[in-house]
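In: this one's sequence-less:
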């Protein structure tokens, strides 16, 4: 009963979620909860239609293997499990428990007189009111086994005065008659269908401008956009010239959300239909660069390591600031046609969203103004602008109309923002927190980048928000090919694959799996869609994961390179991958199919070494422009000895003479001292995660090494601030149970200089503690259900139940904190209950327990128990007995229960 209720309540250890929600991915229902020990009437299945359909019982709890309620029959003293029960929650047959001197309980026997309440219940009465409506069937409950007393161990009730309904006159027993039992008399009614209605106050996205004009929210957004265009002088109304191309215009509508998913504002944008433009007539050059993801991560890594402030800016109507070089005419905006000149057209004076040359015109305008402010354009990335002087340095990243700005000081950064605001209408969004759909959380230890909201939207688009998570995005030792039935409608497949490609900005752990399904965009098959759904299932269990950028004290470059020789089943081409670290931070990675077939594994590895060297050479040039050049040679780690030899010397000519000459530029870089290619064992080759599907254990280790982790905890939670020493501390602080040496305290606070020691007799008696033991087992938390299960045995209880129970064992899922409780007569029953729980999990959730964590008690170390876990692939992690520091989850749960 207690563990069942705990599974339905929020827990701070799982971010105020309920264990039921973490396990089943749906919020629990509390409508089935009833008062423990109250009077109830379960429905009985009888063999004869004239037999009674119910009997008075006492509510005991909820069964673990069935849906329904556990009721103790007051006549037969047996436990009845039924889904159809009528409750009287204001009547308690056993309202009090009176303990005796020997710490036992007073129980009813055949010679004891029943209490007045029991007399009223057990005697038939024709004047009783109709019972309340029958309870809805109980939803699937968590497995909990409550202590079930028999009729001989029921606690004696508290004597109460008889109800006014009954008198002191003797009650005449009525003649037994068999009245027809109907559903109405039995209180059985048709279940009421309960609906959880949610009022959505957000206006839906309109499909046309006519529909938008009927909604006040969208009408306001359209008016704001139109007046901003008029104020900016975007066009002038002129008579329609003969023989010219007139570009069509249209409205686009979109909801703008905050980082937490809440609605920010309604956005309406007037755009030109660029498809109606004619090249050479009203458009010419259209290319416009955007900043590269590796550049963003590199700049953020340097800014975080140097503790620079980082701000984000948003340019309002950025494309309207661009100057057009061509003459462009456009139809008047739908819904805003000039009534005086309905046949006039708009002669565009500035670029407009939707025009093919609009991004280029805006970029040229911004780059020109940035150069006037003293910035120079990077040669390695045209969307990176660098300001450097003897006093200050600033980096500016431009992605269309989103700007990331970082500088050495806050004053210098604000000066740049004010100068940009004088030329362009922009909004200073403050410290970097949400850009390009990426959440950024700054902490003293670094910057955490996450796309949780975007990943949630992908799951919603695929209708997989409640799917069962899996441990890896790609199935180990499985290769995709072109076999299988084709998909009837590949639109959803292509849409989801495109969305997953952008998700790899902060999730390098899914790069290989996404690269594999991208190979079949032209002709997706059913197996490819199954592989796509596996990625979504993996994301379902790791929604809160992201890329952590640490405060790094070094700016050296190192890279890991690997190739899966002949990994493609049909073409026999190799899959290659690399990852590049700047200090301790991952800034660049890749997973790609090689363009040619390699004749040997050494050739495939050598080609990927060349790709890694090319990427690190580009990053070295970028760091030089950022005035942070690496002072050491870049180290490329490779696990193929032959490829390492080929990178330094022209060896193995017979097998490598066909390799293209441009691949051998690696030798030039090695000869110049810019690159060193070293060997690394396969167990430490992090690039394996970009070339093939690997086992769960190795995948999680490599994922952690790539800094893909959960968000860091609150830095202030549980910490101790030194600011207390700045306010004249008193000598009483010396008596605290502090772990800091006295000499350090004297340096922090001169008032402690006269103290000989920190020991006092009162603290020794009142604050003595056990020595803290460091955990013997891993502190890594589970990322999916049943990845880690805690277990512990409680007992023996000083009072044995009437059924002989003296112990209970608990199993706690680390991810959801769902608790299973089993009562036992002796400790050897732990193995039986664990097998039952494991079978139930495999049947219901189609997964297996991966790790069992317990103390090293003998019931967990028996040969039978260990053989069972070995056969089922379950890892057993043990800790010291009675040591909550090493296995605190299950022990704290036992104390709570």
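Out: Cool, the structure landed. Keep in mind the model is a prediction, meaning the values are calculated, not measured.
In: only C-alpha atoms for contact and neighbour calcs from this point on.
Out: OK.
In: My guess is residue 648 contacts residue 670. True?
Out: Yes: with contacts counted by CA atoms under 8 Å, residue 648 reaches residue 670, the gap being 6.6 Å.
In: how's this protein carved up into domains?
Out: Structural domains annotated on the chain: 31-172, 209-436, 552-680, 789-896, as defined by automatic domain parsing.
In: roughly how far is the shortest one from the heart of the chain?
Out: Between the centre of domain 789-896 and the centre of its host chain there is 28 Å, according to CA atoms, centre = their mean, to the nearest Å.
In: still on that earlier bit, of all the domains of the chain, which lies closest to residue 711?
Out: domain 209-436 (13.8 Å; CA to CA).
In: which neighbours do residue 648 and residue 670 share?
Out: Here residue 648 and residue 670 have no joint contacts, going by CA atoms under 8 Å, 6 or more residues apart in numbering.
In: thinking again about what came up before, between the domains of the chain, which gets nearest to residue 510?
Out: Using CA to CA, the nearest of those to residue 510 is domain 552-680, at 10.0 Å.
In: first to last residue in the closest one, what's the distance?
Out: One end of domain 552-680 sits 23 Å from the other (CA to CA, to the nearest Å).
In: what about it, distance to the chain center?
Out: On the basis of CA atoms, centre = their mean, domain 552-680 sits 33 Å off its chain's mean C-alpha point.
In: again, but for stretch 303-317
Out: With CA atoms, centre = their mean, you get 26 Å for stretch 303-317.
In: list the buried ones in that stretch?
Out: 303-305, 307-315, 317 (16 or more other CA atoms under 10 Å).
In: same deal with stretch 407-415?
Out: So stretch 407-415, judged by 16+ other CA under 10 Å, has buried residues 407-408, 413.
In: which stretches of the stretch 601-750 of the chain form strands?
Out: For the stretch 601-750 of the chain, the strands defined by DSSP state E, counting those that start in this stretch occupy 634-638, 675-679, 708-709.
In: Need the ones you listed in CSV (columns: distance to residue 24 and mean neighbour count).
Out: As requested, the strands of the stretch 601-750 of the chain are exported to CSV (distance: least, CA to CA, whole Å; neighbours: other CA atoms under 10 Å):
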stretch, distance to residue 24, mean neighbour count
strand 634-638, 43, 24
strand 675-679, 46, 21
strand 708-709, 23, 21
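In: In JSON lines: those, plus mean pLDDT and distance to residue 239.
Out: Shown next, in JSON lines, are the strands of the stretch 601-750 of the chain (pLDDT from 0 to 100; distance: least, CA to CA, whole Å):
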{"stretch": "strand 634-638", "mean pLDDT": "92", "distance to residue 239": "64"}
{"stretch": "strand 675-679", "mean pLDDT": "91", "distance to residue 239": "65"}
{"stretch": "strand 708-709", "mean pLDDT": "92", "distance to residue 239": "59"}
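In: so which of these gets nearest residue 64?
Out: Per CA to CA, nearest to residue 64 of the strands of the stretch 601-750 of the chain: strand 708-709, 35.4 Å.
In: for that closest one, the distance to its chain's centre please.
Out: So, by CA atoms, centre = their mean, the centroid of strand 708-709 is 11 Å from its chain's centroid.
In: residue contacts, residue 400?
Out: Counting by CA under 8 Å, 6+ apart, residue 400 makes contact with 290, 318, 359, 363.
In: of the residues you listed, closest to residue 82?
Out: The closest of the contacts of residue 400, once distances to residue 82 are taken by CA to CA, is residue 290, at 65.3 Å.
In: Quick check: closest non-adjacent residue to the closest one.
Out: residue 399 (5.1 Å; CA to CA, 6 or more residues apart in numbering).
In: shouldn't that neighbour be in contact with residue 291?
Out: Yes: using CA under 8 Å, residue 399 is in contact with residue 291, at 5.7 Å.
In: I'd like the average pLDDT over the helix or strand where residue 561 lies.
Out: When elements are assigned from DSSP states H and E, residue 561 belongs to strand 557-564. Mean per-residue pLDDT for strand 557-564: 91.
In: Give me the mean pLDDT for the following helix or strand past that strand.
Out: Counting by DSSP H and E, the next helix or strand C-terminal to strand 557-564 is strand 575-582. On average, the pLDDT along strand 575-582 is 93.
In: Name the strands paired with strand 575-582 and say parallel or antiparallel.
Out: Here strand 575-582 has these sheet partners by DSSP bridges: strand 557-564 (antiparallel), strand 585-593 (antiparallel).
In: Can you tell me what sits against the first one?
Out: Right, strand 557-564. 574-583, 601, 604-605, 608-609, 612, 616, 630, 633-639, 685-688, 691-692.
In: give me the number of residues near residue 390?
Out: 5 (other CA atoms under 10 Å).
In: where's it relative to residue 370, distance?
Out: In terms of CA to CA, residue 390 sits 19 Å off from residue 370.
In: now residue 694
Out: Counting by CA to CA, the gap from residue 694 to residue 370 is 47 Å.
In: residues touching residue 209, list them.
Out: 251, 334-335.
In: Filter these down to the buried ones and hand me the PyMOL line.
Out: In PyMOL syntax, the buried subset of the contacts of residue 209 is picked out as below (16+ other CA under 10 Å):
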select buried, resi 251
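In: between the contacts of residue 209, which is closest to residue 837?
Out: residue 251 (57.6 Å).
In: pull the longest helix from this protein.
Out: With secondary structure taken from DSSP state H, the chain has its longest helix at helix 601-625.
In: got the angle between that helix and strand 675-679?
Out: 140 degrees (axes from the mean of the first three to the mean of the last three CA atoms, to 10 degrees).
In: from here on, count from 50
Out: Okay, using 50 as the starting number, the last item reads as helix 650-674.
In: Which helix or strand contains the nearest residue to residue 555 once chain neighbours are set aside?
Out: Leaving aside its chain neighbours, residue 555 sits nearest to residue 596 (5.3 Å; criterion: CA to CA, 6+ apart). Residue 596 belongs to strand 595-599 when assigned by DSSP H and E.
In: Mind giving me the packing neighbours of that strand?
Out: helix 342-354, strand 495-499, strand 634-642, strand 757-758 (3 or more CA pairs under 8 Å, 6 or more residues apart in numbering; DSSP states H and E).
In: shaky segments in this protein?
Out: Within the chain, the ranges that satisfy pLDDT under 70 run 50-51, 144-250, 308-309, 329, 331, 700-707, 709-711, 763-829, 851-852, 929-946.
In: one more time with 50, if that's ok
Out: 146-163, 173-226, 245-247, 764-789, 821-825 (pLDDT under 50).
In: How about the contacts made by residue 261?
Out: 255, 267-268.
In: Among these, which one lies nearest to residue 921?
Out: So of these, ranked by how close each gets to residue 921 (CA to CA), first place is residue 255, at 54.4 Å.
In: can you count the residues close to the closest residue to residue 66 other than its chain neighbours?
Out: Setting aside the residues directly before and after it, residue 66 is nearest to residue 59 in space (CA to CA, 6+ apart), at 5.0 Å. Residues lying near residue 59 (other CA under 10 Å) number 15.
In: list the contacts for residue 59?
Out: Residue 59 neighbours (CA under 8 Å, 6+ apart): 65-68.
In: Out of those residues, which end up buried?
Out: 66-68.
In: Would you mind getting the angle between the strand holding residue 610 and strand 683-687?
Out: 20 degrees.
In: related to what we said a few turns ago, okay if I get the contacts of residue 258 as CSV plus secondary structure and distance to residue 873?
Out: Listed next are the contacts of residue 258 as CSV, based on DSSP: H, G, I helix; E, B strand; the rest coil; distance: CA to CA, whole Å:
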residue, secondary structure, distance to residue 873
300, strand, 69
383, coil, 76
384, coil, 76
